[in-house]
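Engineer: Whatever this is, show me its structure:
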Amino acid sequence: MTPPATPTLVDRGRPDLPTNRDEDWRYAPLKAIVAAIDATTGPMRGEAHTPATDELAALLEDLPAGYRVVLVDGRYAPELSAMADGAANGPAVDVVDTAAEDDPTPRDAFELWNRTSNRHTVRVRVGDPGDGDPSRLVHLVHLTTASDGPSHPRVEIEVPADRRATVVETFRSLPDAAFTNATTTLHVGTDAGIDHLVVLQGDSYVVRTVVIAEDRSRATAGAVAIGHASGHHRLDVELAGPGAEVSLTGLTVAGHSTHHDTLAAVDHLTSHGTSRQLFASIVADGARASFTGQVVVAHGTVGTDADQQNRNLLLGPGARADTRPWLEIHSDEVACTHGATVGRLDDDAVFYLRSRGIADRTARTMLMRAFATTVVDQLASNEAIRTWLEAAVDEVLDEIVVEAASTEGRR
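Structural biologist: Now for the predicted structure:
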């Protein structure tokens, strides 16, 4: 794959943004993203509203119990966070000035914008020792208020060698025009492990999740896109040490008029690495979900095992799903497979449920939930997280069914 050109800044510090002619952005909802940016920064933006602490706290009330690290518009908010209270195994949080650091070349203009707009990085060190409790959740919450234009959070999460951690990263926003442009980097040390889940519930977004997996590390990285606005989520994974294993799982529920785009890029840089990708989407009539899955196997490596699967469920004639597998193999001793499916709700299954006295709307919701549950079970091994996630997904599915019934009634 040809590397992208180095982005540069233009007027007002905003870079020259990519277009759909750029390979990594071919299916991205750039028009919707730019419209959200303009609404947040341009002349259409109304008087800035500075939210009260209790207004922000209301966005945290339903979250599962655990340690909590909260960022408001990209800045660490200790008054909203719930830390270790002196516990030895709690997360350590530092805010560091990264202006002088030698960052690698940004992959795209949005990453450059993130770096130049926020010169501070929130660094979170997590992980219980081998005899600790790895189920203790660390919840990283990004709240976007649009009170000062787009939000540009930068986070680094470190799991030291021989440690394990469970981290959920949630993106939410106040009910106003908002745009989030975030970068989170996970450093998974030798023989360490992490279960990381991104939940996109806010307004328009461009979010990057970078995973660097060292020797014999185990990382699961999940993503759930269920927000009411369009956006692009990129997962960049480097299997940097021999014997590393990474599993990527994603679920998109695209409601009417939304477009969620996912790109998962996995680089097998060393030998005996294993990667798994399973991404699924439920797409309402008039909505769109896009997936690009890249696997690159470096020259000279051996024992690589990679699998990539994408499943899509379309709920109407106006629903659209794009799926694009991308394998780039520079070594002979590999096992790489991929597959994709696009289908609709099974009419026979709907008829069967209705013949048992179940209403049409309920029958369709049950089938959608069954499709989603197979992915949710892989996204969250922690029971509390799974219960919370199922409730959030069910809420969006209910909205899709109600919207479809309302549209049908107007015809």
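
Engineer: Can you tell me the SS state at Ile115?
Structural biologist: For residue 115 the amino acid is Arg, not Ile. Following DSSP: H, G, I helix; E, B strand; the rest coil, the label given to Arg115 is helix.

Engineer: Let me know the pLDDT of it.
Structural biologist: With respect to pLDDT, Arg115 scores 89.

Engineer: was I right about it contacting Pro153?
Structural biologist: No - contact criterion CB atoms under 8 Å: Arg115 and Pro153 do not qualify, at 11.7 Å. Where you see a C-beta, it was placed from the backbone N, CA and C, and this is true even at glycine.

Engineer: So, low pLDDT: which residues of this protein?
Structural biologist: Across the chain, the ranges flagged by pLDDT under 70 are 1-13, 42-49, 84-89, 99-103, 129-135, 177, 406-411.

Engineer: and with 80 instead?
Structural biologist: Along the chain, the parts satisfying pLDDT under 80 run over 1-14, 41-51, 83-90, 97-104, 127-136, 147-148, 175-177, 381, 404-411.

Engineer: still on that earlier bit, give the intersection of the neighbour lists for Arg115 and Pro153.
Structural biologist: Common contacts of Arg115 and Pro153 (CB atoms under 8 Å, 6 or more residues apart in numbering): Thr183.

Engineer: Pick out whichever of the two has more residues nearby.
Structural biologist: Pro153 (27 against 18; other CB atoms under 10 Å).

Engineer: which residues touch the more buried one?
Structural biologist: Pro153 touches Leu71, Asp73, Gly74, Asn118, Val122, His142, Thr180, Ala182, Thr183, Thr184, counting by CB under 8 Å, 6+ apart.

Engineer: Now do the phi/psi pair for it.
Structural biologist: With angles defined as degrees, to the nearest 10, Pro153 sits at phi -70, psi 140.

Engineer: same thing with Arg276?
Structural biologist: phi -130, psi 140.

Engineer: PyMOL command to pick out the buried ones of the contacts of Pro153?
Structural biologist: Listed next is the PyMOL selection for buried residues among the contacts of Pro153, using 16 or more other CB atoms under 10 Å:
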select buried, resi 71+73+74+118+122+142+180+182+183+184
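
Engineer: Would you mind measuring the gap between the ends of stretch 294-311?
Structural biologist: 16 Å (CA to CA, to the nearest Å).

Engineer: Show me which residues of that stretch are buried.
Structural biologist: Buried-residue list, stretch 294-311, by 16+ other CB under 10 Å: 294-298, 301, 303-304, 306-311.

Engineer: Now secondary structure and distance to Ser271 too, for these, in CSV please.
Structural biologist: Converted to CSV, the buried residues of stretch 294-311 look like this (DSSP: H, G, I helix; E, B strand; the rest coil; distance: CB to CB, whole Å):
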residue, secondary structure, distance to Ser271
Gln294, strand, 19
Val295, strand, 15
Val296, strand, 14
Val297, strand, 10
Ala298, coil, 9
Thr301, coil, 5
Gly303, coil, 5
Thr304, strand, 7
Ala306, strand, 13
Asp307, strand, 17
Gln308, strand, 20
Gln309, strand, 24
Asn310, strand, 27
Arg311, strand, 30
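
Engineer: related to what we said a few turns ago, determine which two of the contacts of Pro153 are furthest apart.
Structural biologist: Asp73 and Thr184 (15.6 Å; CB to CB).

Engineer: what are the phi and psi angles of Thr183?
Structural biologist: phi -130, psi 130.

Engineer: which residues does it bridge with?
Structural biologist: Arg154, Arg208 (DSSP bridges).

Engineer: could you pull out the strands for the stretch 201-350 of the chain?
Structural biologist: 204-213, 218-225, 231-239, 245-254, 259-268, 274-283, 288-297, 304-314, 320-329, 334-344 (DSSP state E, counting those that start in this stretch).

Engineer: Identify the residues contacting stretch 171-178?
Structural biologist: 36, 39-40, 45, 49, 51, 55-56, 59, 141-146, 150-151, 180, 182, 198-205, 207, 227.

Engineer: among those, which are in helices?
Structural biologist: Ala36, Ala39, Thr40, Glu55, Leu56 (DSSP state H).

Engineer: Could you identify the buried members of those?
Structural biologist: By 16+ other CB under 10 Å, the ones in helices among the contacts of stretch 171-178 give Ala36, Ala39, Thr40, Leu56 as buried.

Engineer: Against Gly202, how distant is the first one?
Structural biologist: Right, Ala36. 11 Å (CB to CB, to the nearest Å).

Engineer: who touches both of these two?
Structural biologist: Ala178, Ala229.

Engineer: would TSV of the strands of the stretch 201-350 of the chain with distance to Val401 be doable?
Structural biologist: Formatted as TSV, the strands of the stretch 201-350 of the chain follow (distance: least, CB to CB, whole Å):
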stretch	distance to Val401
strand 204-213	24
strand 218-225	19
strand 231-239	23
strand 245-254	12
strand 259-268	19
strand 274-283	11
strand 288-297	17
strand 304-314	13
strand 320-329	19
strand 334-344	15
